[in-house]
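Trainee: below is the sequence, then the predicted model.
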Amino acid sequence: MSNDKTSYPRFSVLMPAAGTGARFSVNTPKQYIEIAGKPMLTHTVSIFEDMPECIEICVIIDPAGANRAHEALKGFKKVSFTQGSESRKSSVHNGLKNLSHLNDEDIVLIHDAARPCVSKDNVYAILKTMKTEKAASLAMPVVSTLRKSEDNDYTSITVERENLWEMQTPQAFIYGDILKAHEQFAADQDYTDDTTLVSRLDIPVKLVRGHRNNIKITTPDDLAFAEFLLEKRKT
């Protein structure tokens with residue numbers, strides 16, 4: 001897709017990378033763990049750095065890990081940094097305020113630092129959608145049987161999976177809309193991702209089919225698969 005003659009809108013990236021990786025049994029936050037020869041954060045940022053339509057990449061970091069962040073992204077020309085906060089939601093809000101030089105109609109992609117295997121084709125699919133939509137997200141239809149446990153891990157309830165989607169990132173927004181959503185619901189921590197917030201403004205979110213390889217690295221078990229995918233990308 002990225003090699004065709006289609007023109008795509010320019011965009012900025014906001015990348016939350018301030019987490020401590022509490023579910024990893026190591027002292028290093030997961031975004032700085034080395035996979036396929038580089039820190040995870042380096043791989044993730046590289047995807048956008050190499051895209052000509054990308055104007056800038058604002059990486060949200062924990063000040064305590066600033067030295068690691070600067071080292072991982074040394075030499076990247078489009079990167080800037082801003083400080084994270086006590087929650088992902090407030091960290092993203094901080095990042096959006098750091099992009100105050102943008103116009104309200106500009107496009108912002110929010111992407112997890114812990115998703116280093118997203119493809120450029122997936123990003124271009126999101127950008128193509130944003131030519132006609134106000135918000136979009138990569139997502140995958142749920143294919144596994146879902147059951148709900150209500151008592152001591154025993155279950156008798158099957159959840160209907162039809163029309164259920166697993167959300168991924170990047171998620172794309174019009175800057176003025178996503179900033180308004182964060183400001184209007186600043187005190188509300190009951191949300192799961194940024195599409196939830198814009199939906200509360202009655203802005204429809206277009207689902208764009210992603211790929212199973214766009215995994216979010218959450219536990220150490222995910223690292224081996226991500227390393228396999230990133231090594232394969234080199235060849």
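Mentor: Perfect, thanks for sending it.

Trainee: so which elements touch the helix or strand harbouring Ile60?
Mentor: Per DSSP states H and E, Ile60 falls inside strand 54-61. Strand 54-61 sits against strand 11-17, helix 40-49, strand 79-83, helix 88-98, with contacts defined as 3 or more C-beta pairs under 8 Å, 6 or more residues apart in numbering; DSSP states H and E. No exception for glycine: its C-beta is placed from N, CA and C like everyone else's.

Trainee: give me the residues contacting the second one.
Mentor: The contact list for helix 40-49, computed with C-beta atoms under 8 Å, 6 or more residues apart in numbering, reads 13, 15, 17, 30-36, 54, 57, 59, 69, 72-73, 76-79, 109, 111-120, 123, 217, 226, 230.

Trainee: thinking again about what came up before, and the helices and strands packed on strand 54-61, which is most packed in?
Mentor: Stretch with highest mean neighbour count among those: strand 11-17 (a mean of 25; mean count of other C-beta atoms under 10 Å).

Trainee: packing partners of that strand?
Mentor: Contacts defined by 3+ C-beta pairs under 8 Å, 6+ apart place strand 11-17 against helix 40-49, strand 54-61, helix 88-98, strand 107-110.

Trainee: figure out which of the helices and strands packed on strand 54-61 is closest to Arg212.
Mentor: Nearest to Arg212 among the helices and strands packed on strand 54-61 is helix 40-49; the distance by C-beta to C-beta comes to 17.0 Å.

Trainee: what angle do the closest one and strand 11-17 make?
Mentor: Relative orientation of helix 40-49 versus strand 11-17 (axes from the mean of the first three to the mean of the last three C-alpha atoms, to 10 degrees): 170 degrees.

Trainee: so Lys89 touches His182, yeah?
Mentor: Yes: counting by C-beta atoms under 8 Å, Lys89 touches His182, with 7.4 Å between them.

Trainee: wait, what's in contact with Leu197?
Mentor: Leu197 sits next to Ile178, Ala181, His182, Phe185, Tyr191 when contact means C-beta under 8 Å, 6+ apart.

Trainee: run the last query once more with 10 Å
Mentor: When contacts are counted by C-beta atoms under 10 Å, 6 or more residues apart in numbering, Leu197 touches 89, 92-93, 135, 173, 177-178, 180-182, 184-185, 188, 191, 203.

Trainee: and what of Phe81?
Mentor: Neighbouring residues of Phe81 by C-beta under 10 Å, 6+ apart: 17, 57-61, 63, 66, 69-70, 73, 95, 98.

Trainee: after the longest strand along the chain comes which helix or strand?
Mentor: Looking across the chain with DSSP state E, the single longest strand is strand 165-174. Sequence order places helix 175-184 as the next helix or strand after strand 165-174, per DSSP H and E.
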